[in-house]
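Undergrad: Okay, here's the prediction I keep looking at, along with the sequence it came from:
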Amino acid sequence: MATETLEFGHEDRKRIYEYVERHGAVDPDDTRERLGIDPSGFRHHVAILKRDGRLEKGDGKLRVTIDAGAEEEYVSADLEFHIRPARQEDLTGIVGAIRQVAEERTYIEAESVADEIDHEEALLRHNELESRMFFVATVEGDVVGWVHLYAPEIDKLSHTAELTVGVLEEYRGHGIGSHLLSRGLEWAGSNGYEKLYQSVPSTNEEAIAFLEGHDWETEAVREDHYKLNGHYVDEVMMAVEL
């Protein structure tokens, strides 16, 4: 996925893909009407986009195709959870989970992710400017954790991606975070990324220890970068080579 140039061969085909990509999951008839494309031409272009693995259709909606593997089931002590690629329908649950974790005031980068996807109303992105991927952990269908990867499609940065990962407090201690992180690393490696990075406040000792336990290293510290509850806090910039 990194530094991939998107080519479509027809302007209407490109317009359809860009509309779907920008909106996450769309009704085909509404899309055709909004783009002003005749029905037979629209069906033809959608068929080619599906054939080429650009779009897929499920539950009556068109979505951008992102090959990210299947759903996996885990059982830990008395908890059963699933980890899978996120869908557009998970947006509300993901925003809620991130905001709940962010209330601890220890994960500023994740809070900005929630603001961005809530504003854009599109969960997954894959265009010539950026790629954004989510995996979620669910318990009885509810989102209880996430891993998010974001990569600007710029040549000089095309080998790197930013990662955030989090689990609701009441579901910690079951290995969910480790499985999410592993899934994110696996996806990043298979899509050509060589290095992942993220930043956390120095007060988030639990997150720093978690990442260090998974072979992440501190690359730099920016002193007094955050101001939390009236106190200046250092930013710890961490990374891992794939």
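TA: Received, thanks.

Undergrad: Okay, buried residues for stretch 16-27 please.
TA: By 16 or more other Cβ atoms under 10 Å, the buried positions in stretch 16-27 come out as 16-21, 23-26. Using the backbone N, CA and C atoms, a C-beta is placed for each residue, glycine as well.

Undergrad: Tell me which of these fall in strands.
TA: With DSSP state E as the criterion, strands contain none of the buried residues of stretch 16-27.

Undergrad: now, among those, which is nearest to Val200?
TA: Sorting those by how near they are to Val200, with Cβ to Cβ, puts Gly24 at the top with 28.1 Å.

Undergrad: in this protein, which helix has the most residues?
TA: helix 176-190 (DSSP state H).

Undergrad: orientation of the next helix or strand after that one relative to helix 176-190 in degrees?
TA: Using DSSP states H and E, the next helix or strand after helix 176-190 towards the C-terminus is strand 195-201. Using axes from the mean of the first three to the mean of the last three Cα atoms, to 10 degrees, the direction of strand 195-201 lies 140 degrees away from that of helix 176-190.

Undergrad: Could you spell out the sheet neighbours of strand 195-201, each with its direction?
TA: strand 160-167 (parallel), strand 231-241 (antiparallel) (DSSP bridges).

Undergrad: So for the longest one, what gets flagged as buried?
TA: Neighbour-count burial for strand 231-241, with 16+ other Cβ under 10 Å as criterion, is recorded at 233, 235-236, 238-240.

Undergrad: quick check, nearest of these to Pro85?
TA: Of all the buried residues of strand 231-241, Val240 has the smallest distance to Pro85: 21.1 Å, by Cβ to Cβ.

Undergrad: Show the contacting residues for that closest one.
TA: Val240 sits next to 185, 195-197, 211, 214-217 when contact means Cβ atoms under 8 Å, 6 or more residues apart in numbering.

Undergrad: Swap in 7 Å and give it another go.
TA: 196, 215-216 (Cβ atoms under 7 Å, 6 or more residues apart in numbering).

Undergrad: On the strand side of things, show who it bridges to.
TA: Leu196.

Undergrad: Please apply the same query to Pro85.
TA: For Pro85, the beta-bridge partners are Phe135 (DSSP bridges).

Undergrad: is it true that it touches Phe135?
TA: Yes - applying Cβ atoms under 7 Å as the test, Pro85 and Phe135 come out as touching, 5.8 Å apart.
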